[in-house]
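# this one's sequence-less:
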C-alpha cells in the first residue's frame, strides 16, 4: 500500500470525519479525500488505482502525458470517447494527479493544465443552460474540444503502435549487401569544354588588362605550342641538331613556326644554341 | 560479357540501398553527361528485375520495391535464424519517439510545437536528435511564424528502414468520428444529480 | 521451410562480412549455449556453400573463401559498371583552375610566377597538382632565372579531353579579342545610354 505521512493520514481522517453521514460533500471538497466509491469517500486507494510507490515513476512514464492518461481512464472503463462522463473522469484524473503530488514526483505542468481544463468543463456543464438557446441555436458541448483532442491523439497513438509493427530493417528483415573489392569509387572529372577554357581566359585577360592580346594571333599560339614541344623534345641538357627540329615535311609555314619558336626560346633564355665552328651544325640545348 | 541481369543484381547487392531504375540505367552509360546508345531501356531493366524476382522466389532473399527504388533483402521468415548473427537485440523505440515519428510521417511538414499540440506534452530534444541521427527525419524548411520554427519531414531512409515504397504505404490513420454524435450532456448532469 | 542453403546464403548476404563455417552452424542452434541436434554438420554447410558457388558461376557475384571464412562479393569483371555507383556528382572546376589552365594552354611554356603575374593572385599548389594529376599539364623545362621555376605546358591528354587534334585548334585569341572588345563596346554604349 501507499505509504502516507502522518500529516496526510490526519488529513484523510479529518476528511473522512467530515464526510461521515449521508450528506453529500459540497462541490470542491472532493479533493480532500482520495477517492469516492458510491456515496462515501475513501482514505485509501481503491484496488484498481493501487500502484506500488516504487513503480509509480515507471507507471508515470508509461503515460505519454495528460491526454494519454485521460485516454487510459476512459478506455479502462470501456467508455465511449464521444460520451465521456466528465464528472467521473475528472475525479479519477485528479486522483492520479494528487497521487503523483503526494509522492512528490516531479509533475509535468501539462498534467495540471489538463486538470484545470477538466475542472472548467465540469463547471460549465453544471451550469444550467437556457432552455430556449438549447432548442434554437447550437451551443457547443463543453467537452467537444477535449474530445477532439483525445480523438486526434488516439489516432496518432494507434499510428505509432502500427508503425512499431511494420517490418523493420534489422529486426524483421535484413538488407542484402556484398563486398565489391574491385570497385573503387571513381573520382569523376568535372565536365569542362573549350568554351569554358576560353571564357576563363577571357575573364582573366579582361581583369588583368592584358595589353598584349592584340598581338597574339593563331600563329602565336602555334609558336607557343611549338616552344613547348621543343622544350619537351630537348629534355634536359641533351643536344639536338637544329636540322632535326626543322623538319621539311611540316612545310614552309611549319618550319617558320619552329624557327620563330626557337628564337622565342632563345630570347626567353630557355634554350641555348651552340655551334662548334662557322657553318658547322647548330645544336640546341635546353638550359 | 555480363548480362544486364548480372549487372543489376551485382549493383543492388553492392549498394545495399534502394536503387531506382534510372540509377541502374546510368550504370551502363559511358559518361555521366551524355545519353548513350548502350544504355538499356527502362523496360530492359524492368525485365531484368522481374527475372531476378523470379529467381529469388524459392530462396531466402527477395526483391522489394522500397523508397522509390529496388533492394534485395532477406525474407522476414528467415529472421529467426539470421538475427542470431548479431549479439544485440534490435533497439526498441519508446512510445514518445514512435508517436513523434508518426506525427511527422503523417502530418509532414510539421513543427515541434504542432507535435506537442497533438501529443499534449513537450517533445524532448533528445527524441528529435535521435530521429535526425537515424536520418529518419530532416528539417525541410521553417514556418513563417514568430521564432521561425523548423518544419520536419521524413526521409527516404525512413521509408527504407520500414520497408515502405512511399508514404502512401503507411498504415491508414483511423478516421475521426463526427462530433455530432456527442450525446446530450444535460442527461449526464441529470444522472449525476440523481446520484447525489 | 527454408533449406540450409537458403539460410546460409541469406546469412552471408545479411552480414556482408566473412562468416566462418562454425558461425554458420551456430545459426541453427536452438540456443547459443547447448549443442543442438538440429545443427547441421560441417559437411552439410560445406555442401551448401559449394552449391551456392555453383549457382553463382554464371552470375555477377561469387563466393570467396577469405581470412575470416566465406563471403559473397561482386566479381572483379563487373567493376566498370559497379564502380559507377559511387561516382560523386562531377564537381565544378573553380574559376582559378580554369584560368590557370587557360593561361597554360595559350601562353605555354609558362611558369607559375608568370601565371600569378597575369592573374594578379597566387596560384595554389593544389590547382597545379590537380591539373598534373589529371595529366592535362606537365613540366617541360625550367626557366633559367633564379629558382629555376618549372615551365608548364599542356599535354596530349589535355588535347584529347577537349577534343582537339592539336593546340592550334584552340579558339584563337583574336576571336577572343573581338569578343572582349565587342562586350567592352556594348558596355560603353550601355553606359552612355544610362547617362542620357
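Sure thing, it's come through. For clarity, every value in this text was computed on a predicted model and none was experimentally measured.

# helices of chain B, start to end?
B:4-15, B:21-26, B:42-56, B:79-82, B:95-107, B:112-119, B:125-133, B:156-161, B:185-195 (DSSP state H).

# would you list those helices in CSV and tack on mean pLDDT, mean neighbour count and distance to chain A?
For every residue, glycine as well, the C-beta is placed using N, CA and C. Shown next, in CSV, are these (pLDDT from 0 to 100; neighbours: other CB atoms under 10 Å in any protein chain shown; distance: least, CB to the nearest CB, whole Å):
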stretch, mean pLDDT, mean neighbour count, distance to chain A
helix B:4-15, 95, 24, 4
helix B:21-26, 93, 19, 12
helix B:42-56, 96, 16, 10
helix B:79-82, 91, 18, 5
helix B:95-107, 95, 23, 4
helix B:112-119, 95, 19, 6
helix B:125-133, 91, 14, 11
helix B:156-161, 93, 20, 5
helix B:185-195, 47, 13, 5
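
# in JSON lines: these, plus distance to chain C.
Listed next are these as JSON lines, based on distance: least, CB to the nearest CB, whole Å:
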{"stretch": "helix B:4-15", "distance to chain C": "3"}
{"stretch": "helix B:21-26", "distance to chain C": "7"}
{"stretch": "helix B:42-56", "distance to chain C": "9"}
{"stretch": "helix B:79-82", "distance to chain C": "5"}
{"stretch": "helix B:95-107", "distance to chain C": "25"}
{"stretch": "helix B:112-119", "distance to chain C": "33"}
{"stretch": "helix B:125-133", "distance to chain C": "22"}
{"stretch": "helix B:156-161", "distance to chain C": "15"}
{"stretch": "helix B:185-195", "distance to chain C": "57"}
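
# looking at those helices, which is nearest to residue C:159?
helix B:21-26 (27.9 Å; CB to CB).

# who touches that closest one?
Identification of contacts with helix B:21-26 by CB atoms under 8 Å, 6 or more residues apart in numbering or on different chains yields B:8, B:11, B:32, B:39, B:40, B:42, B:45, B:46, B:49, B:69, B:70, C:84.

# before we move on, back to that, so which of the helices of chain B gets nearest residue A:65?
Closest of the helices of chain B to residue A:65 is helix B:112-119, at 6.0 Å (criterion: CB to CB).

# if we can go back for a sec, with distance to residue B:1 added, can I get the contacts of helix B:21-26 in a markdown table?
A markdown table is the format used below for these (distance: CB to CB, whole Å):
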| residue | distance to residue B:1 |
| --- | --- |
| B:8 | 15 |
| B:11 | 16 |
| B:32 | 22 |
| B:39 | 16 |
| B:40 | 13 |
| B:42 | 21 |
| B:45 | 17 |
| B:46 | 21 |
| B:49 | 20 |
| B:69 | 26 |
| B:70 | 23 |
| C:84 | 17 |
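
# and which of these is nearest residue B:135?
Out of those, the member with the shortest distance to residue B:135 (by CB to CB) is residue B:69, at 15.9 Å.

# for that closest one, what are its contacts?
Residue B:69 neighbours (CB under 8 Å, 6+ apart): B:17, B:18, B:19, B:20, B:21, B:23.

# quick check, nearest of the residues you listed to residue B:126?
Nearest to residue B:126 among those, counting by CB to CB, is residue B:17 at 26.8 Å.

# state the distance from that closest one to chain C.
10 Å (CB to the nearest CB, to the nearest Å).

# ok, now how distant is the most centrally placed residue in chain B from residue A:83?
In chain B, the C-alpha nearest the mean C-alpha coordinate belongs to residue B:159, at 1.8 Å (CA atoms, centre = their mean). Distance, residue B:159 to residue A:83, by CB to CB, to the nearest Å: 39 Å.

# still on that earlier bit, would JSON lines of the contacts of residue B:69 with distance to residue A:95 be doable?
As requested, these are exported to JSON lines (distance: CB to CB, whole Å):
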{"residue": "B:17", "distance to residue A:95": "52"}
{"residue": "B:18", "distance to residue A:95": "51"}
{"residue": "B:19", "distance to residue A:95": "57"}
{"residue": "B:20", "distance to residue A:95": "56"}
{"residue": "B:21", "distance to residue A:95": "60"}
{"residue": "B:23", "distance to residue A:95": "59"}
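
# for the residues you listed, name the two members farthest from one another.
Largest separation among these by CB to CB: B:17 and B:21, giving 14.6 Å.

# nearest to residue A:66, of the helices of chain B?
helix B:112-119 (9.9 Å).

# packing partners for the closest one?
Counting by 3 or more CB pairs under 8 Å, 6 or more residues apart in numbering or on different chains; DSSP states H and E, the packing neighbours recorded for helix B:112-119 are helix A:144-165, helix B:95-107.

# so, low pLDDT: which residues of chain A?
Low-confidence segments of chain A, defined by pLDDT under 70: A:1-61, A:103-108, A:129-139, A:184-191, A:206-221, A:236, A:247-253, A:276-280.

# all the helices of it, residue numbers only.
A:6-18, A:53-62, A:66-76, A:86-102, A:109-126, A:131-136, A:144-165, A:194-208, A:218-234, A:242-245, A:251-267.
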